[in-house]
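> Quick check, what structure comes out for this input:
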Amino acid sequence: MRRKRNVKIVATLGPASSSKEMIDNLFMAGADVFRLNMSHGSHEEIRARHAFIREIEAERGRPIAILADLQGPKLRCGTFANGSEMLEEGAPFRFDLDKAPGDARRVNLPHPEILQALEVGSNLLINDGKLRVRVTARGDDFAETVVEVGGEISNRKGVNVPDVVLPLAALSDKDRTDLEFVCELGVDWLALSFVQRAADVTEARALVKGRAAIVAKIEKPAAVKAFDDILAASDGIMVARGDLGVELPVHALPPIQKRLVRACRNVGKPVIVATQMMESMITSPVPTRAEVSDVAQAIYEGADAVMLSAESAAGDYPIEAVTTMSNVAESVEADTIYRQVIEASRTPARHRVADAITVAAREVAETTEVSAIACFTHSGTTALLAARERPSVPIIALTPLMRTARRLALSWGLHCVVTEEVDRFKKAVVLAVRAARAYGFGVDGDKIVVTAGVPFNTPGSTNILRVAPVQEELIFAGEVE
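Residues are numbered from 1 along each chain as shown. Next comes the predicted model:
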């Protein structure tokens, strides 16, 4: 089977999508990657969902990527004697380390490191930004604030601190336990929350030990400022617009999203646009027009993947949400303006042989009668370079490693095929032609572009290109058998 679109769909699993039947239905509807949200669900539930995905993968004969999303440290206030209080605009309010239940004048903030990092003038956002207070005085164990946007505050509501780089590690004790669990379980991607600096990614990578690729979630202003360094340290990026929209003005999100997606495309690293893409479909069988436009915009920008969160994890219409997102993607990618936008936003390749070969493959495919580009890859580097070019023809990524095929399932336009080891380019051509025929990318009389690196199985060694007629497998069949 093959998709009729290039952008990939990430579907979050949860109570509404925890059975094997439902996960299979989501895959058949268009989900390419399944997200395991470590903020919800026990290890036993996560293990069961992981097993279902791998069973479906074997039954359907197509590599499926699994992304485990770590919770990250959660900053919350303490409790209130009355359960909740109303904070009036202009009123003073105090955060401190006193564990006594709060009232309309104060509450516990059990994070001394935050209190110590605050400065006069810093803003604190409470309950997803519904309330905002500004620090007027502070000490190591307290912060006096004035309420600028009032409302109800209640037990253990979340607290965001957008103005300060907090002296907190991106990995909590829970995250470290979860990280080891999912890496041993065998996930393909690990999403890292609360990233503020490149060092957060480096710390996680040391714990992962190569068992999974790392996606850095950009959800804090500090991460936007340090984005270039974070991108260099990561294998992929998630533009997590939920928390980012809380900590930054909402009108700042569109240009930030566009800039981050463009930067990821420039270096050939996959980027996911996430959060609230079709949120109304949690309770409605159809999305709003604004949500459709939002998804379409991410696709026009050239994002590798778009993500469903509660829509597929806890909503009433998970299959409809995936189907609708897939339909939007197919419609956008069939638009002539889409190709114009993609081509206009393409940046020059770096001065390496591998880059030149992949650029040449795209140019040959787009200027001659070629039905697909087939690239052989061991580490995934060659396929990522091909995806970076965003060609107008399909890309078949052939690899002998299931692990590589699964990771590449997240990247734009890659149809991943697990094949046998290759030691000769002639054999590579035959296997590429066979894959093109088997998956409907070419018929007798068509031509495909084949790229590979010689010597084989050497990361980043792409140095050879050939245009091969599809029926050429007949010529070499005897040599390969």
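> Report pLDDT for the residue positioned nearest the centre of the chain.
Nearest to the centroid of the C-alpha atoms of the chain, with distances taken as CA atoms, centre = their mean, sits residue 272, at 3.5 Å. The score at residue 272 is 98. That number is its pLDDT.
> hey, what's it bridged with?
Taking DSSP bridges, one obtains residue 238, residue 305 as the residues bridged to residue 272.
> Just say helix, strand or coil for the residue nearest to residue 358 when sequence neighbours are not counted.
Residue nearest to residue 358 in three dimensions, not counting chain neighbours: residue 385, with 4.2 Å by CB to CB, 6 or more residues apart in numbering. All C-beta spots, glycine's among them, are computed from the backbone N, C-alpha and C. Assigned state for residue 385: helix (three-state reduction, DSSP: H, G, I helix; E, B strand; the rest coil).
> Residue 385 reaches residue 462, doesn't it?
Yes. Using CB atoms under 8 Å as the test, residue 385 is close enough to residue 462 to be in contact (6.8 Å).
> tell me, what's touching those two both at once?
Taking CB atoms under 8 Å, 6 or more residues apart in numbering as the contact criterion, the residues that touch both residue 385 and residue 462 are 354, 358.
> count of neighbours near the residue nearest to residue 358?
Other residues near residue 385 number 26, with proximity taken as other CB atoms under 10 Å.
> care to break this protein down by domain?
8-72+170-335, 84-160, 353-480 (automatic domain parsing).
> Check those domains for me: which has the lowest mean pLDDT.
If the domains of the chain are sorted by mean pLDDT, domain 353-480 sits at the bottom with a mean of 89.
> re earlier: so for residue 347, which of the domains of the chain sits nearest?
In terms of CB to CB, the element of those nearest to residue 347 is domain 8-72+170-335, at 4.9 Å.
> what's the span of that closest one, first residue to last?
Separation of the first and last residues of domain 8-72+170-335 by CA to CA, to the nearest Å is 17 Å.
> before we move on, what about stretch 374-382?
By CA to CA, the extent of stretch 374-382 from end to end equals 10 Å.
> number of nearby residues for the closest residue to residue 268 other than its chain neighbours?
The shortest distance from residue 268 to any residue other than its chain neighbours is 3.5 Å, reached at residue 388 (CB to CB, 6+ apart). A count of neighbours around residue 388, defined by other CB under 10 Å, yields 27.
> In contact with residue 388, which residues?
Neighbouring residues of residue 388 by CB under 8 Å, 6+ apart: 265, 267-268, 349, 358.
> For the residues you listed, pick the one with the most neighbours.
Ranked by the number of neighbours (other CB under 10 Å), the contacts of residue 388 place residue 358 first, at 30 neighbours.
> in the helix or strand hosting that residue, what's buried?
Taking DSSP states H and E as the criterion, residue 358 maps to helix 353-367. Of all the residues in helix 353-367, those buried under the rule 16 or more other CB atoms under 10 Å are 354-359, 361-362, 364-365.
> which stretches of the stretch 51-200 of the chain form strands?
Listed in chain order, the strands found in the stretch 51-200 of the chain under DSSP state E, counting those that start in this stretch are 65-69, 84-87, 92-96, 106-108, 123-126, 131-139, 142-149, 151-154, 159-160, 189-192.
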